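Colleague: let me see the structure of the following:
(chains A and B)
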Amino acid sequence: MRFEVARAVSFGPFKDAVLNLTPGFNLVYGPNESGKSTWHAALYAGLCGRRRGRGRPTGEAKELIDRHKPWDADEWEIAATILLEDGRHIELHHDLAGMVNCSAMDVDLGRKCSDEIIKIKDGAPDGAVWLGLDRRTFLATACIRQMELLEVTANPEILQQHLQRAAATGGTDATAARALESIDSFFSDRVGVDRANVKKPLRASKDWVARAERDLAAARLEHGRYVEQLARADEIGLRASEERKKTGFVEARAALAEADRWSGRVTRAREIAPRYPVAPANPVEDEDLVGDVAEALGLWIACPQPMSLSGPTSEELQRNLDELPEMPEGDVESSPSVIRARDRLKQALDRSETHEGYRSQEVATPEAPIAPEELRRLADDLAVEIMISPLPKEVREKSWGPSLAALVAALVLGGVLIAVGQGVAAAIAAIAGFAMAATLWRREAMSGQPDPKVAEAKERKRKAQQRVGELGLDPSPSNLRLLADEAIAAKEVRERLAQWEQDKSVLERECGEARRELESELRQRGAGFDEDLLEAVITYEHACAKRAGIAMQARQRSDREQRLASRREAEKAARNAEESRQQADGKIQEVSIRCGIEGEETDGLVQGLRHWQSERTTSLRNRQRAFEEWMTLQGLLEGMSLDELAGEALRHVDRGQKVLDEQGISETEARELEVEGELEIELMEARRVAKDRTAEAEKLRGGVEELAKNLPSVGDAEADLAAAERESERVKRLARTLQGAKGFMERAQEKVHRDIAPKLRTSVERWLSDVTAGRYEEAIVDPESLSVQVRGGGSSWRNATLLSHGTAEQIYLLLRVGLAEHLTRQGEICPLLLDDVLVQSDTSRKKPILEALLTISGDRQVILFTQEEEVLAWGEERLREPRDQVVHLDPSLIAP
Amino acid sequence: MKLVLFGDLHLDTHFAWLGVGQEAARRRRQALRDTLRNILEVVRETRADALLCSGDLYEHERVSPDTGAFLRATFEEISPTPVFISPGNHDWFGPQSLYAHIPWSPNVHIFSEAQLTPIELEEGLTLWGGAHRAPADTSNFFEGFSTQERSGVHLALVHASEQSWWAEIESGQQPYAPFRAEQIEAAGINHALLGHLHTAKEAPSYTYPGNPDPLAFGERGLVRGAVVVTIHSDEKIEREWRRVAVTEAHDVEIDVTGCTTREEIRDQIRDALSGFAGYVRVHVRGEVEPSVELFPDDLRVIVPGIEAMVIDSDDVRVGYDLEAISKDPTVRGQFVRDVLGSVDVDDAEKDRILVTGLRALDGRSDLEVA
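Modeller: All right, here's what the predicted structure looks like:
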């Protein structure tokens, strides 16, 4: 798209002014106040018009009004003819004041095409729409003002920010980064983090909800407690009321009972009073005599009857008792222990006597000088010489004969000795026979054999001979053996005698012990004794038998003593009875005299007294009854007269009725009340219980009232919670919205930057070399930050913000072109409108920029407004009609 | 015989939904008491033979200390005109309820049994009443019930939900003691005087008087209030609704399309509410200029006679030309495209995100969207 003609019908100072434009570079020159800025604005307004709508104008619109609305005319109109890339010539007409006559017309077809460019929510045709822009974004995209270039020069960071702003909003408003910061900041202020001690809304609303929930829970709890307490107070109050009612019943019942009692008193008094116009005599004055008579008669009746005793008297019984012997001292029968001791002594004596009879008559011989064993050994050693002579075989075979003979002889001798009672001698003979036979057998057995110990035998024989010689004995072996046998026999005699003596000693000891035991027993029984203990026992037995006879008589004393005691008791009772009767007689006679009864016989007097007593008792009872009635009457009257008593009774009846009325109880109901105990006690108890219950009820009621005073409103607490929850929900919703907006925006920014970055690079690189005279050829644009770097001839990358001012301005222009290409709808080309952008640039910077613009104008219309002669000169030199042109504004055309 | 029927007064209810602070809620609660006094005026004016309450006279869990005393004194005012009360699910009869421990004047009779029990209003006219004995799970009063062939006219006074009608209109309420209309006649009852459903209903066999003073915005249908029920000698029943509310609650819709400033909107609201009184819920709708800073709290205007105002601006749209913006090859255009194209965000949230994001891109600081 490009502008062909702009016609200011009525715009600022212009009236029907026209500006024709060529397709390429249009350098519009004019000094100050020649209308450059007005035409710049007129071109913008001619294309975009002004928003139709109620309300205050936005910033750009306001600026347009303030600066370019004619102040001396109502009309405010602008028109522009443009050529679209599709070849259509469009004439736009904007009634900027009335916003009514606004239109777009296809000049070739003579047809209105306003609908194509009227946004629904805008209401006025906006030619920028054909570019895919709107009047705001066109301003930001196509219109480059001096100030913008100055900003880039002053602060190269602006370059990047501008790119970001353009990417975000077509350059109209904030960058996406700024918008994100704004969201973050807003989130921080209006939401905040959910952390303890943080006062920001999110936490505060949560705390509020928690607090409100606690308050509501507490309010409900308190309310529940209040309701419970109220119910409890009512329950106790009801009970108290019941107790009071019950007390009323009891009071009524008591009042009725009192009234009844008084009425009864009156009735009774009225009954008694007529009988006693005067007070009866006191019956107490006769009571002494009546008592004495009763006592006397009582004594008489109580005294025992006279006793008649039979049988021997106590004296006689005493004499009979004295005739009997006393129980003897000592045993009345033999003690078994004495008898046992006596029998033991007897047995010991018998055994001792028998043993004496067994005493041996043998005489003990002295003991031999040599032991029988040695004698036999000597005999054997001496007998060796005989045995060492060898014997012929037959002799040796026959030699069994002597051995056997010797054995037989020994056995025969032994048997004879046993037969005559000489057992010991028989044994010795048998042994000797065996020994002899054995010796013979041995000698015979060995004589025929070669004895290797002959020398030893000879030696033993020699020593034996020497020994026998020393002892002066007969060396004959047989004598020696006989001598040995005799020695053995003598030893046995000595042993038997010793045994007998030993047994005798034992028996004598037994006799001694038995004697001592018997002596002890006799001594214990008190029996005398001497050496002959057995005789002493006989004496003891005789004494026992004698005492047994005496004892039999003595045993009768006990019976007689008891009979004597019984008799004495009986005689004493008889004496007492007699004394009682005499005393009763005396008493009877005494009171009989006092009662005026005469007679001598006690029985007669007793009869008389009983009669007197009977009469007297009847009379006394009557008098007592009268006296008691009179006393009753006095008690009933209690000091009042009968009329006074009746009046008092009437008052109690009235009171009872009053109580009934007060309690709202009928007399029947009150009388039906069952009272377990005493009425007064029951009444006291009922009053106490009623009082306690009432006090408890009042206390509870007081507690309830106290609770009620400070009872939090559940409704208010619920309202507070609801408000807190609403606030919490609002903050949470805001948090969600802000987080959502942020998320969407971050993703959108990333996507757009990723898209725009290569386009900007391509756009910059297309002219970069030309506008920088070959210093820079390549460019890169960071998709994340849209920062720009350039380089030339393979040198290192340089950040565009660090380049010289002139280069930065050039690159800025190229980027603006790139942005215009990016933001412009595909198929259209956005013109560039530059308002005195070089006024602050020095000469060295102006030319490269102008050259850059000239290059750019090869592709799109460039309209540069300037007041600089230097720029004019450059234009006149470099611009070629008909594509380019230099336009001179005439200040005189400006309406004064 | 002339009876005045009311129900669902809900004394001491919380009014948290008002969202206008505790003071306004307290005024509303006081208004409920004043409404009861208006009902008594109807009794006096019509010389009614009895006052009937069909339950939910108060809310047990919120009842304030002096509500019992207030009710006692109020009902005593019309003594000896009898007052019959059938407790509902909010004022259920129990050992701790006001009914149990307030020393009612002799003219007050409270039905306390879980099943219908009779009271003869006059010869040939019997009133049956029953109580909710718990806050929930009360059974159908009419199921299996019979007037036992008593002669004359039988009325029932209970707090119960007629099922067919309840399903139509009171979706926010739970059906308590549900029954079907035909069960009334089957039980031998000529007419049932009911409570629980807050919308008034004049059915052939039953009557719901409706809540006598507004309990919420948006109450529609018949005039709600006290019903003067006249039982003629020919058993015909005549009903006349009397408005007794002391509170006005209004729903007002205001279209603010085209407004370019908050002040314009406020002016429009102020103009629209002129002549209204009481409590007003303002539904602001329409499309406003993107430049308008709009937040509900900022729209509360002071209008004479208006006690409290609730602003509902959910239907206000900010007039961004989203279609046009979405065509921008900019971050803004991409942002709008992405938001509009997202499937996991609901429409309302989309609107808020869009307005928030676009305002941020416009360099504005009013990022919160109502």
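Colleague: helix, strand, or coil at whichever residue of the stretch 201-350 of chain B sits closest to chain A?
Modeller: Distances between the stretch 201-350 of chain B and chain A by C-beta to the nearest C-beta are smallest at residue B:260, namely 2.1 Å. Bear in mind the C-beta positions are built from the backbone N, C-alpha and C, glycine included. Following DSSP: H, G, I helix; E, B strand; the rest coil, residue B:260 is assigned to coil.
Colleague: for it, phi and psi?
Modeller: Dihedral angles phi and psi of residue B:260 (degrees, to the nearest 10) take the values phi -110, psi -10.
Colleague: ok, which stretches of chain A are strands?
Modeller: A:2-11, A:14-20, A:25-29, A:77-83, A:89-95, A:103-106, A:111-112, A:143-145, A:778-781, A:788-791, A:798-799, A:832-835, A:862-866, A:885-888 (DSSP state E).
Colleague: coming back round to it: what's the burial count for the residue of the stretch 201-350 of chain B closest to chain A?
Modeller: 18 (other C-beta atoms under 10 Å in any protein chain shown).
Colleague: weakest of the strands of chain A by average pLDDT?
Modeller: With a mean of 82, strand A:143-145 has the lowest mean pLDDT of the strands of chain A.
Colleague: adjacent strands (with direction) for that one?
Modeller: Paired neighbours of strand A:143-145 in the sheet (DSSP bridges): strand A:832-835 (parallel).
Colleague: give me the buried positions along the strand it pairs with.
Modeller: Residues of strand A:832-835 classed as buried: A:832, A:833, A:834, A:835 (neighbour count, 16 or more other C-beta atoms under 10 Å in any protein chain shown).
Colleague: need the CA coordinates for it. PDB is fine.
Modeller: Backbone C-alpha positions of strand A:832-835 (Å, rounded to 0.1, in the frame of the first residue of the first chain) are rendered in PDB as follows:
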ATOM      1  CA  LEU A 832       7.100   4.400   6.300                       C
ATOM      2  CA  LEU A 833       6.300   7.900   7.600                       C
ATOM      3  CA  LEU A 834       9.200   9.600   9.200                       C
ATOM      4  CA  ASP A 835       8.800  12.900  11.000                       C
END
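Colleague: could you list the low-confidence segments of chain B?
Modeller: Low-confidence segments of chain B, defined by pLDDT under 70, span residues B:19-21, B:165-174.
Colleague: again, but for chain A
Modeller: A:53-59, A:119-122, A:152-153, A:156, A:159, A:170-174, A:284-286, A:385-452, A:893, A:895-896.
Colleague: remind me, longest helix of it?
Modeller: helix A:201-272 (DSSP state H).
Colleague: for that helix, name the packing helices and strands.
Modeller: helix A:602-637, helix A:642-663, helix A:667-672, helix A:679-709, helix A:714-771, helix B:98-101 (3 or more C-beta pairs under 8 Å, 6 or more residues apart in numbering or on different chains; DSSP states H and E).
Colleague: for the stretch 1-150 of chain B, which segments are assigned as strands?
Modeller: B:2-6, B:50-53, B:83-85, B:108-110, B:117-122, B:125-129 (DSSP state E, counting those that start in this stretch).
Colleague: how about those in CSV, adding mean neighbour count?
Modeller: Below are these laid out as CSV (neighbours: other C-beta atoms under 10 Å in any protein chain shown):
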stretch, mean neighbour count
strand B:2-6, 25
strand B:50-53, 26
strand B:83-85, 24
strand B:108-110, 19
strand B:117-122, 15
strand B:125-129, 24
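Colleague: residue A:681 is nearest to which of the ones you listed?
Modeller: Counting by C-beta to C-beta, residue A:681 lies closest to strand B:108-110 out of those; the figure is 40.6 Å.
Colleague: chain center to that closest one: distance?
Modeller: 25 Å (C-alpha atoms, centre = their mean, to the nearest Å).
Colleague: buried sites along stretch A:765-778?
Modeller: A:765, A:766, A:767, A:768, A:770, A:771, A:772, A:775, A:776, A:777, A:778.
Colleague: grab the nearest non-local neighbour of the second one.
Modeller: Nearest residue to residue A:766 in three dimensions, chain neighbours excluded: residue A:814, at 8.0 Å (C-beta to C-beta, 6 or more residues apart in numbering or on different chains).
Colleague: how about the first one?
Modeller: Nearest in space to residue A:765, with sequence neighbours left out and distances taken as C-beta to C-beta, 6+ apart, is residue A:779 at 5.2 Å.
Colleague: what's the burial count for that neighbour?
Modeller: 23.
Colleague: who touches it in this structure?
Modeller: A:760, A:761, A:764, A:765, A:768, A:788, A:789, A:790, A:800, A:811 (C-beta atoms under 8 Å, 6 or more residues apart in numbering or on different chains).
Colleague: that one bridge partners, please.
Modeller: Beta-bridge partners of residue A:779, as defined by DSSP bridges: residue A:790.
Colleague: and if you look at residue B:231?
Modeller: residue B:237.
Colleague: hang on, the earlier thing: will you turn the helices and strands packed on helix A:201-272 into JSON lines that also has distance to residue B:205?
Modeller: Formatted as JSON lines, the helices and strands packed on helix A:201-272 follow (distance: least, C-beta to C-beta, whole Å):
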{"stretch": "helix A:602-637", "distance to residue B:205": "77"}
{"stretch": "helix A:642-663", "distance to residue B:205": "50"}
{"stretch": "helix A:667-672", "distance to residue B:205": "48"}
{"stretch": "helix A:679-709", "distance to residue B:205": "43"}
{"stretch": "helix A:714-771", "distance to residue B:205": "36"}
{"stretch": "helix B:98-101", "distance to residue B:205": "28"}
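Colleague: nearest to residue A:185, of these?
Modeller: helix A:714-771 (10.2 Å).
Colleague: how distant is that closest one from the center of its chain?
Modeller: In this view, helix A:714-771 has its centroid 54 Å away from the chain centroid, taken as C-alpha atoms, centre = their mean.
Colleague: now stretch B:178-192
Modeller: Taking mean C-alpha positions (C-alpha atoms, centre = their mean), stretch B:178-192 and its chain are 25 Å apart.
Colleague: can you show me the CA trace of that stretch as CSV?
Modeller: What follows is stretch B:178-192, C-alpha atoms only, in CSV (Å, rounded to 0.1, in the frame of the first residue of the first chain):
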residue,chain,number,x,y,z
PRO,B,178,-42.1,-36.0,51.6
PHE,B,179,-45.6,-36.9,50.6
ARG,B,180,-47.8,-37.0,47.5
ALA,B,181,-50.8,-34.8,47.1
GLU,B,182,-53.2,-37.7,46.8
GLN,B,183,-52.1,-39.0,50.2
ILE,B,184,-53.9,-36.0,51.8
GLU,B,185,-57.3,-37.0,50.7
ALA,B,186,-56.5,-40.7,51.3
ALA,B,187,-55.8,-39.8,54.9
GLY,B,188,-59.2,-38.2,55.2
ILE,B,189,-57.8,-34.7,55.4
ASN,B,190,-59.8,-32.0,53.6
HIS,B,191,-56.9,-29.6,53.4
ALA,B,192,-53.3,-29.5,54.4
